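Student: Sharing a model that was predicted from the sequence below.
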Amino acid sequence: MIFIYKELVKKYINKLSIRDLEKFARMNNINYTKDELIVVYNFILNNYNELLDENINVFLKIRDKISPELYKKLLNLYVEYKQKYL
């Protein structure tokens, strides 16, 4: 089952848009600046393989580029979704 989720993400990642990310953030009550949104968007596009391989340390790449509150929320969401799907 894990393999299926990873393959679905790999197929979808090329279609991910900033609007998709904005919608996801709103659904999860996540606040961000436009600059933070771009940082997170680029982070996902460039690091999704590491995220799928459960490398939480990859988040250190954006730690100093976004607010501490956003960083914490993203980590918490990652852990939540990892437990659910990976």
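Tutor: Nice, thanks for sending it over.
Student: What pLDDT does the model give the residue nearest the centre of the chain?
Tutor: Taking CA atoms, centre = their mean, the centroid of the chain lies closest to residue 44, which sits 5.2 Å from it. Reported pLDDT at residue 44 in the predicted model: 94.
Student: For it, give me its contacts.
Tutor: When contacts are counted by CB atoms under 8 Å, 6 or more residues apart in numbering, residue 44 touches 13, 16, 21, 51. For the C-beta atoms, the positions are set from N, CA and C on the backbone; glycine is no exception.
Student: Please work out how many residues are found near residue 65.
Tutor: 15 (other CB atoms under 10 Å).
Student: Now do the SS call for it.
Tutor: coil (DSSP: H, G, I helix; E, B strand; the rest coil).
Student: Distance of the nearest residue to it once chain neighbours are set aside relative to residue 11?
Tutor: Spatial nearest neighbour of residue 65, excluding adjacent residues (CB to CB, 6 or more residues apart in numbering): residue 39 at 4.8 Å. Distance, residue 39 to residue 11, by CB to CB, to the nearest Å: 24 Å.
Student: and those two? which has more neighbours close in?
Tutor: Shown here are residue 39 and residue 11; by other CB under 10 Å, residue 39 has more neighbours (17 against 9).
Student: Compute the distance between that one and residue 66, please.
Tutor: Where residue 66 is concerned, residue 39 sits at a distance of 6 Å (CB to CB).
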